[in-house]
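Student: Predicted model, plus sequence, below.
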Amino acid sequence: MSTPPFNYCYHCGRTPLTLVSDRQCRCEACGYSQFVTPTPAAVALVLDQENRLLLMRRAHEPGKGRLGLPGGIIEPMETAELSCAREVLEETGVDLPASAYRYMGTLCNRYPFQGYVWPTLDILFVARTGSLDKARAVDGEASEIVIQPLREVMLEELAFPTHTEAVRRLLASL
Ligand SMILES: [Zn+2]
């Protein structure tokens, strides 16, 4: 990581910025520092009564064509549980209340976006629902919805190492 993610100083507008570490960019003109901090993202592991897992085939890069768990970046003034409920509804049509999502842990991830690989903190949640029969690709994030028995999920087909680890942890917890 040698190129700063910010082109101009927020404080004085000048350039260049120097990357002091993987999280600190300093303006040589005024000394102001801008920091790269992890962006929190919610990741949902939704199971039906038969321990089948809700997955989506990703329609876009990164990981286009590979499998992923529903989820996304948490929005301002949104809890991680609410973010899970919103993302799962938007991406798969599965409508569960925020209270259905139980915290499972966090994993560190990196996500390429607009020319920079940003650090994210994936916050994992598990939810159970009676049936996933009505799940469908809704908002274009998924090219198809894939529902697989948890023990048969092809871990090498998952787009992100954190999703693979999340499925491993869930398997270990059953
Ligand atoms: Zn400056």
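Tutor: Thanks, I have the structure now. Residues are numbered from 1 along each chain as shown.

Student: doesn't Asp139 make contact with Glu91?
Tutor: Yes - in this structure Glu91 lies within contact range of Asp139 using CB atoms under 8 Å: 5.9 Å. (Each C-beta comes from the backbone N, C-alpha and C, glycine too.)

Student: quick one: which of those two has more around it?
Tutor: Shown here are Glu91 and Asp139; by other CB atoms under 10 Å, Glu91 has more neighbours (26 against 12).

Student: Where does pLDDT dip in this structure?
Tutor: Within the chain, the segments meeting pLDDT under 70 span 1-2.

Student: Tell me if Arg86 really is in a strand.
Tutor: No - assessed with DSSP: H, G, I helix; E, B strand; the rest coil, Arg86 is helix; it does not lie in a strand.

Student: Please name the residues that touch it.
Tutor: Glu75, Glu78 (CB atoms under 8 Å, 6 or more residues apart in numbering).

Student: how much space between it and Pro70?
Tutor: Per CB to CB, to the nearest Å, Arg86 is found 10 Å from Pro70.

Student: The closest residue in space to Ala100 that isn't next to it in sequence: how many residues sit nearby?
Tutor: Closest residue to Ala100 apart from its sequence neighbours, by CB to CB, 6 or more residues apart in numbering: Ala127 at 4.4 Å. The number of residues packed near Ala127 is 21, by other CB under 10 Å.

Student: from what I can see Ala127 touches Asp48, true?
Tutor: No - in this structure, Ala127 is not within contact of Asp48 by CB under 8 Å, at 10.2 Å.

Student: And the chain, split by domain according to the record?
Tutor: Here the domain assignment for the chain is 1-36, 39-173, based on automatic domain parsing.
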